[in-house]
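Participant: quick check, what structure comes out for this input:
(one chain, ligands or ions: 1)
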Amino acid sequence: MRSRLTVLSGPSGVGKGTVVAAVRRLYPHVWVSVSCTTRAPRPGETDGVEYRFLDRAEFAAMIESNELLEHAAFAGNLYGTPSAPVYQRLEIGVPTLLEIELQGARQVRASMPQAQLVFLAPPSWEELERRLAGRGSESAEVIAARLAIAQGEMDARNDFDAVIVNDDVERAAQELVRLIERVCHTG
Ligand code: 5GP
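Facilitator: Model prediction:
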């Protein structure tokens, strides 16, 4: 394998998606994996861009045929990373990034110990609560479930290779890309 994978994880609502959107915009040479999910598209999301939106049977078939690098249930839906596109990019040395929740990050750690795991932390717990409540597209039950998970996820930061505090989206994106490039050509 020519380059090492970088995985960005952290609590839901910490702004992983926003930081990754900034990476896509400002650093288009970084390839960002497109996950599969059984969750319904949010307004503005396009199949094949933010996610590949699958039904449960299609998702189960991908697990069955061993097509996923990792997969996890999160807040009632399934999420997973198709492995072939990731391996293809790593093989030719393309800087490669996954944005996934913590259970998936642990699976990548186990199956690909050389991967670089980066934890995105909120500036404070209060800020994370505000962001989770303020997204506006989910029910109170979904927000409460996500907060409970996020509390446990904050404790996981010590298991990561690096921590980035998301106090400024573009600065965080820049720091992430620096970390990606540092491991990209070191095999
Ligand atoms: P959302 O539904 O808000 O887009 O994502 C919910 C959570 O699922 C986020 O923490 C996001 O990082 C995570 N996620 C997205 N894609 C994947 C994936 O392929 N695998 C795993 N394990 N988590 C994912």
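
Participant: what helix or strand does residue 78 sit in?
Facilitator: strand 77-82 (DSSP states H and E).

Participant: contacting residues around that strand?
Facilitator: 33-39, 52, 56, 59, 62-63, 67-73, 98, 100-101, 104 (CB atoms under 8 Å, 6 or more residues apart in numbering). Any C-beta I mention is one placed from the backbone N, CA and C, and that applies to glycine too.

Participant: now list the buried members of those residues.
Facilitator: 33, 35-38, 52, 59, 62, 68-72, 98, 100-101, 104 (16 or more other CB atoms under 10 Å).

Participant: tell me the contacts of the closest residue to residue 48 other than its chain neighbours?
Facilitator: Ranked by CB to CB, 6 or more residues apart in numbering and with sequence neighbours excluded, the top spatial neighbour of residue 48 is residue 34, at 6.7 Å. By CB under 8 Å, 6+ apart, the contact list for residue 34 reads 48-52, 82, 85.

Participant: at 10 Å instead, please
Facilitator: 47-52, 81-82, 85 (CB atoms under 10 Å, 6 or more residues apart in numbering).

Participant: kindly report the same for residue 95.
Facilitator: 3-6, 23, 27, 29-32, 89, 177, 180-181, 183-185.

Participant: how about the nearest residue to residue 30 once chain neighbours are set aside, phi and psi?
Facilitator: With sequence-adjacent residues excluded and distances taken as CB to CB, 6+ apart, residue 30 is closest to residue 95, at 4.6 Å. Taking degrees, to the nearest 10, you get phi -60, psi 120 for the backbone angles of residue 95.

Participant: could you do residue 76 as well?
Facilitator: According to degrees, to the nearest 10, residue 76 has phi 90, psi 0.

Participant: need the residues that contact the helix or strand harbouring residue 88.
Facilitator: Using DSSP H and E, residue 88 maps to helix 83-91. The contact list for helix 83-91 (CB under 10 Å, 6+ apart) reads 1-5, 30-34, 62, 66-70, 94-98, 108, 111-112, 115, 184, 187.
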